[in-house]
Every structure is written in structure tokens, then in C-alpha cells.
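Participant: Fold the following, please.
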Amino acid sequence: MDDTDTHVQPNNRELADALKRRLEANGAFDKLLAKLREQTYKALTEDHNDIYPKPQLEPETYLINELIREYLTFNGYTNTASVLVRESGQPQQRLERQVMAQQLQVTDTQQSLMLPLLYGFLPTMAMTPQDSDTNSNSLSLQ
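Facilitator: Numbering: from 1, shown residues only. Reported below is the predicted structural model:
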């Protein structure tokens, strides 16, 4: 009688469940699902995008998409950001933060540079008193 006869072998479902629990515990499961969704979307749309190219983005849409991409990337949603780029037809080359700030007429501060520009539009961000006399908004953490 060998060793396998004395131990009950787990079935495939039990192994799959244990693996899923382990991947969920270390945070890899959600990343794998996001990557799978990204690759599925890419596979389904690859030929479509070649036949029917995306229309050129309006400047406002391009800027909004870049603000969203900056936010997604900052928060670690890299797969979501890559789907946004692919789905919207956004160029792979990112718009520089300084250019986005100029287009929004926003002046960054030392603190605001640590966050995506979208955070500057939240109530927790406010204009500083010295900048209220100028035409540009200043992002500063309260």
C-alpha cells in the first residue's frame, strides 16, 4: 500500500477553491481578472478597430480622458487605464501634467503635485488666499 492510498486526494474543485482563496488573500485574483478582461476586450476589438478606426478625439474629450488616466494610474488601476486608452482611441503617449494644468488654468503647488489633477476639483482642495486675486486656480491641500 503506497502513501496515496492512506490520504484522501483533493478533487479538482477543492484545489480550484483553495487556489482562488489564496489568490484573493494576496490580492492577485482581482489583478488577474482585470488582465483577463483587458485581453478579452483587446481580442474582441482588435479587428474592429483596424476596420473601423476611432474618430479623432475632441480636445476636451482628450483632456478629460488624460485626467482620468492620470487618476487611474495613480491609484494602481493600470489595467483599467489601458482599456480606457484602447477603447477611447487615446494616444499611448501621455499628455504631460504641466500641459494639462495649463489647459485647465491651474497652478500646481508642492503638495498638489503629489496627487492627480482631478483631486483638485474636490471640496477638500481650495484656492489659497494669495491666488484668489489672480485668474488661475491654485491647488492646495487644506
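
Participant: Where do the strands of the protein begin and end?
Facilitator: 106-107, 125-126, 137-138, 140-141 (DSSP state E).

Participant: Quick check: mean pLDDT of the second one?
Facilitator: So the one you mean is strand 125-126. For strand 125-126, the mean pLDDT works out to 50.

Participant: Which secondary structure element of this structure has the lowest mean pLDDT?
Facilitator: strand 140-141 (a mean of 44; mean pLDDT, DSSP states H and E).

Participant: Measure how buried Leu118 is and give me the count.
Facilitator: When neighbours are counted by other CB atoms under 10 Å, Leu118 registers 15. C-betas here are computed from N, CA, C, even on glycine.

Participant: And it, how far from Asn11?
Facilitator: 48 Å (CB to CB, to the nearest Å).

Participant: repeat for Arg37
Facilitator: To Asn11, Arg37 is 28 Å away according to CB to CB.

Participant: again with Leu32
Facilitator: 22 Å.

Participant: Could I get the buried residue list for stretch 26-40?
Facilitator: For stretch 26-40, burial by neighbour count (16 or more other CB atoms under 10 Å) applies to Ala34, Glu38.

Participant: The residue nearest the centre of the chain: what's its closest spatial neighbour, skipping adjacent residues?
Facilitator: In the chain, the residue lying closest to the centroid (CA atoms, centre = their mean) is Leu72, at 2.6 Å. Closest residue to Leu72 apart from its sequence neighbours, by CB to CB, 6 or more residues apart in numbering: Ala81 at 4.0 Å.

Participant: isn't the one you found right up against Arg69?
Facilitator: Yes - using CB atoms under 8 Å, Ala81 is in contact with Arg69, at 5.0 Å.

Participant: Helices of this structure, start to end?
Facilitator: Listed in chain order, the helices of the chain (DSSP state H) span 3-6, 12-25, 28-51, 59-74, 78-88, 97-104.

Participant: so can I have CSV of these showing distance to Met114?
Facilitator: Putting these into CSV (distance: least, CB to CB, whole Å) gives the following:
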stretch, distance to Met114
helix 3-6, 57
helix 12-25, 30
helix 28-51, 24
helix 59-74, 9
helix 78-88, 19
helix 97-104, 11
